[in-house]
Each structure stands twice: as C-alpha cells, then as structure tokens.
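Peer 1: Sequence and predicted structure are below.
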Amino acid sequence: MSKLVIPCAYCDALNRVPEQRLNDTPRCGVCAATVLRDKPLELTAARYSKQIKGDVPLLIDVWASWCGPCRQFAPVFDQAAQALQGVCRFAKLNSEQEPQLAGQLGVRSIPCLLLFRNGREVARQNGAMSLPQLLAWLRQQGVEA
C-alpha cells in the first residue's frame, strides 16, 4: 500500500495518506481538517514552499482582480477543482497581493497556470481556457481523473 505525501489545504502540515484512501475525505493529523479540498486554496508567499511539495500535483492560477480574463476564468478553475478532487490540488495566487512571489515564479502575463509535482514546476500555460480545454491540457500533463 503506497502512501502519498499531501500538504493540508488549511494548515500546510504534510500528511501521509494511503493512495487507496484519497477519495475517503482524509483528515489532517495536525488540524483535523479535510486534507484535500474541492475548491482552490488561497496561496501566499508564506504557504508556497509547503504547498508545492507532495505527491498530488498542484495547479496554481496566477491572477489579479483588475484582469478581465482572470475573472472570466475563475469559475472554470473552480469547476476543475471539483472535477479533479483527489487527483490534482488547485490554488489561486493573487499577483497584486503577492507581487514578489509572482515575479520569483517568472510570471509575465495573467492568467498564468503553473503545474507543480513534487516541488518542481513541470508545465506552464498562459491565458484563460474553457473547462474542456483546461481538462485536456491537464491530461496532456499526465493529470487525469
């Protein structure tokens, strides 16, 4: 039985969860909250280094409140988080509130999607997409329900 390391969506503690139990709503060993959420978490510079770790991929949407395409893409990102709960984790990074982190990540335009696996960026996509386009892009990256 293989165990996956997953950062808690609430307190950032690393949890070891048996792969077969991902769909059983695993709880954090520190804060007792649900480890995996069906909606994106708010990512900050303080949480970044902990949240990119783990065996379940993390997709980050870098956005800003003034960006029309970002606002249009937000519901699509939320739908994907629901559809892929337990398969991929989702986070939103507000580039207005976290400009240093957005710069450190090399974000030049928004919306910008960054896919991380085990602490490393493995794919990047600029621009808003429809839900079918987003799910197809994730499948190309090896993330499937």
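Peer 2: Perfect, thanks for sending it. Numbers count the residues shown, from 1 in each chain.
Peer 1: can you list the weak-confidence ranges in the chain?
Peer 2: 1, 145 (pLDDT under 70).
Peer 1: Which helix runs longest in it?
Peer 2: Of all the elements of type helix in the chain, the one with the most residues (DSSP state H) is helix 68-83.
Peer 1: After it, heading C-terminal, what element do we hit next?
Peer 2: strand 89-94 (DSSP states H and E).
Peer 1: what does that next one contact?
Peer 2: Counting by Cβ atoms under 8 Å, 6 or more residues apart in numbering, the neighbours of strand 89-94 from elsewhere in the structure are 6, 9, 36-37, 39-43, 48, 51, 54, 56-65, 74, 77, 80-81, 84, 101-102, 105. Heads up, the C-betas are built off the backbone N, CA and C, glycines and all.
Peer 1: and with 7 Å instead?
Peer 2: Outside of strand 89-94, the residues that reach it under the criterion Cβ atoms under 7 Å, 6 or more residues apart in numbering are 36, 40-43, 51, 56-64, 77, 80-81, 101-102.
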